[in-house]
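Undergrad: Sharing a model prediction with you, sequence too.
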Amino acid sequence: MSITWSEGNLILSRLQAYIQLIRLDKPVGIFLLLWPTLWALFLASDGWPKLDILVIFVLGTVLMRSAGCAVNDFADRDFDRHVERTRERPLTSGKVGTRETLLLAAGLALAAFILIQPLNLLTKSLSVWALLIAIVYPFTKRFFAIPQAVLGIAFGFGIPMAFAAVQQQVPLEAWILLLGNIFWAIAYDTAYAMVDREDDLRLGLHTSAITFGRFEVKAIGFSYAVLLISQLWVAYLAQLSIYFYLGWLAAFACAIYELRLVSSRDRNKCFAAFRHNNWLGACLFLGIVAGLLA
């Protein structure tokens, strides 16, 4: 059965809409979710994670972030049309239907759950909590003053899962990493929220950029400080070598650069600061690997 030119274009258009819906065209969010998972996976494995576990967690991260984006757009569908930056998202613009969005999110979450079946029961149990938090997060913007903290839990839940998968327990280091990740998410997502602050105020939504008000830059700086201190604490507990501090210092420099960007309160610079956090996470990952193996 042949496909006509117009049918082919329709299929490609639909596929493009799905890619945009789950943000595969914007991979920064994948990395912000992946770096904390990799911190934990390499720490739990003393620098040598098994290839099958590594593949499961990398693919699972992509699947769950994609599912989370679909849920987020479903939750925000009535708000996104009133925000210039989001009004052309596939669900809001009508390129994808509500039912399609929910089915896609459910399918991606199911694929992620199937993916972790070779792992132990503790990891599977934690995955259920990870899914629940990912579903709840988009709705917290309606009532919680700092929804970015919930985002930090959602984006950091790969940390206890990674330790559980490798060590069949969740030690103190995992919870310290998760705490640091919560504050990291508050830092970078406050910068992100500064871009849409006027729109969010008009729509009656809650974000950390609104809650912190004129102290938002100081709050971001404090959050970076908690992240970096938590990394030093974990490095001490894990007895990482001095090479860890090369990555830590590079991450510190990234944080200073990002703070300079948000200090301007310019929307484009705040968004650039958000995106640049990918490099901060990468520096910490390289520091952990160097501290374990060198």
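TA: Thanks, I have it. Since the model is a prediction, treat every value here as computed from it, not as a measurement.

Undergrad: Could you tell me how many residues sit around residue 249?
TA: Residues near residue 249, counting by other CB atoms under 10 Å, number 13. The C-beta positions use only the backbone N, C-alpha and C, and glycine is treated the same way.

Undergrad: Show me what the host helix or strand of it is packed up against.
TA: Taking DSSP states H and E as the criterion, residue 249 maps to helix 244-263. Contacts defined by 3 or more CB pairs under 8 Å, 6 or more residues apart in numbering; DSSP states H and E place helix 244-263 against helix 172-195, helix 216-237, helix 267-293.

Undergrad: Please render those as TSV that adds distance to residue 116 and mean neighbour count to the earlier fields.
TA: Conversion of the helices and strands packed on helix 244-263 to TSV gives the following (distance: least, CB to CB, whole Å; neighbours: other CB atoms under 10 Å):
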stretch	distance to residue 116	mean neighbour count
helix 172-195	17	24
helix 216-237	24	19
helix 267-293	22	20
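
Undergrad: Out of those helices, which gets nearest to residue 93?
TA: For residue 93, the closest of those is helix 172-195, at 19.6 Å, according to CB to CB.

Undergrad: one step back: please name whichever of the helices and strands packed on helix 244-263 is nearest to residue 210.
TA: Each of those has some distance to residue 210 by CB to CB; the shortest is helix 172-195, at 7.5 Å.

Undergrad: could you give me the average pLDDT of the closest one?
TA: For helix 172-195, the mean per-residue pLDDT is 97.

Undergrad: got the angle between it and helix 267-293?
TA: Interaxial angle of helix 172-195 relative to helix 267-293 (axes from the mean of the first three to the mean of the last three CA atoms, to 10 degrees): 170 degrees.

Undergrad: Mind listing what's buried along whichever helix or strand comes after helix 172-195?
TA: The helix or strand immediately downstream of helix 172-195 is helix 197-203, counting by DSSP H and E. Within helix 197-203, the residues that qualify as buried by neighbour count (16 or more other CB atoms under 10 Å) are 197, 199-200, 203.

Undergrad: Including distance to residue 43, could these go into JSON lines?
TA: Below are the buried residues of helix 197-203 laid out as JSON lines (distance: CB to CB, whole Å):
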{"residue": "197", "distance to residue 43": "36"}
{"residue": "199", "distance to residue 43": "39"}
{"residue": "200", "distance to residue 43": "36"}
{"residue": "203", "distance to residue 43": "40"}
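
Undergrad: returning to what we had before: distance to residue 255 added to the helices and strands packed on helix 244-263, as TSV?
TA: Shown next, in TSV, are those (distance: least, CB to CB, whole Å):
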stretch	distance to residue 255
helix 172-195	8
helix 216-237	4
helix 267-293	6
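
Undergrad: Any idea which of the ones you listed gets closest to residue 207?
TA: Minimum separation from residue 207 across these (CB to CB) falls at helix 172-195, 3.9 Å.

Undergrad: quick one: contacts for residue 244?
TA: Going by CB atoms under 8 Å, 6 or more residues apart in numbering, residue 244 touches 235, 287-288, 290-291.

Undergrad: From those residues, pick the one nearest residue 174.
TA: residue 288 (13.3 Å).

Undergrad: need the contact list for that closest one.
TA: 39, 42-43, 235, 240, 244, 247.

Undergrad: One more pass at 6 Å, please.
TA: Going by CB atoms under 6 Å, 6 or more residues apart in numbering, residue 288 touches 39, 42.

Undergrad: separation between it and residue 78?
TA: 42 Å (CB to CB, to the nearest Å).

Undergrad: and what of residue 284?
TA: For residue 284, the distance to residue 78 equals 37 Å [CB to CB].

Undergrad: in what helix or strand does the residue nearest to the spatial centre of the chain lie?
TA: With distances taken as CA atoms, centre = their mean, the chain has residue 33 as the residue nearest its mean C-alpha position (3.6 Å). When elements are defined using DSSP H and E, residue 33 is found to belong to helix 28-44.

Undergrad: now that helix, how far from the centre of its chain.
TA: Distance, stretch centre to chain centre, for helix 28-44: 9 Å (CA atoms, centre = their mean, to the nearest Å).

Undergrad: Who are the packing partners of it?
TA: When contacts are defined as 3 or more CB pairs under 6 Å, 6 or more residues apart in numbering; DSSP states H and E, helix 28-44 sits against helix 51-75, helix 158-167, helix 267-293.
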